[in-house]
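*Asks:* no sequence for this one, just the structure:
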């Protein structure tokens with residue numbers, strides 16, 4: 001096994017389906033996020049089934065997926081704001 005990798009583990013998703021590996025230095029939050037996202041993808045966003053597979057409550061799964069969605073939205077808003085600022089700066093440079 002390559003250096004810097006934690007040994008892969010398996011979820012009871014489907015026969016032969018693996019979750020993947022977690023690199024050394026990955027935070028618990030990042031690992032949890034990846035695990036929940038992959039499980040939701042596998043269950044076609046069925047939160048009840050994903051919670052059963054992961055052994056967590058539906059509430060935890062729902063809260064986690066909502067907080068991840070909020071973080072994605074904030075990142076998108078920051079990116080869009082940055083792009084607008086760049087366009088404005090270019091426009092001001094052209095008009096100067």
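*Replies:* Yes, it's here. Here the structure is a predicted model, which is why all the values come from computation and not from measurement.

*Asks:* quick one, longest helix in the chain?
*Replies:* helix 58-95 (DSSP state H).

*Asks:* Mind listing what's buried along it?
*Replies:* 61, 64-65 (16 or more other C-beta atoms under 10 Å). To be clear about C-beta, it is placed using only N, CA and C from the backbone, and glycine gets the same treatment.

*Asks:* tell me what that helix is packed against?
*Replies:* Packing partners of helix 58-95 (3 or more C-beta pairs under 8 Å, 6 or more residues apart in numbering; DSSP states H and E): helix 28-42, helix 47-54.

*Asks:* Give me the buried positions along the shortest one.
*Replies:* Pointing back at helix 47-54 there. 47, 49-51, 53-54.

*Asks:* Serialize those residues to TSV and add fields for distance to residue 95.
*Replies:* Output for the buried residues of helix 47-54, formatted as TSV (distance: C-beta to C-beta, whole Å):
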residue	distance to residue 95
47	51
49	56
50	52
51	55
53	57
54	55
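
*Asks:* Could you dump the residues you listed into CSV with distance to residue 89 and pLDDT added?
*Replies:* Putting the buried residues of helix 47-54 into CSV (distance: C-beta to C-beta, whole Å; pLDDT from 0 to 100) gives the following:
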residue, distance to residue 89, pLDDT
47, 43, 86
49, 48, 90
50, 44, 88
51, 46, 88
53, 48, 89
54, 46, 87
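
*Asks:* Which of these sits closest to residue 26?
*Replies:* The nearest member of the buried residues of helix 47-54 to residue 26, counting by C-beta to C-beta, is residue 54 at 17.2 Å.

*Asks:* Setting aside sequence neighbours, what's the nearest residue to that closest one?
*Replies:* Leaving aside its sequence neighbours, residue 54 sits nearest to residue 39 (C-beta to C-beta, 6 or more residues apart in numbering; 5.7 Å).

*Asks:* tell me the average confidence for the longest helix of the chain?
*Replies:* Per-region confidence: helix 58-95 scores 83 on mean pLDDT.

*Asks:* Show me how far it is from its chain's centre.
*Replies:* Centroid separation between helix 58-95 and its chain, computed with C-alpha atoms, centre = their mean, to the nearest Å, is 15 Å.
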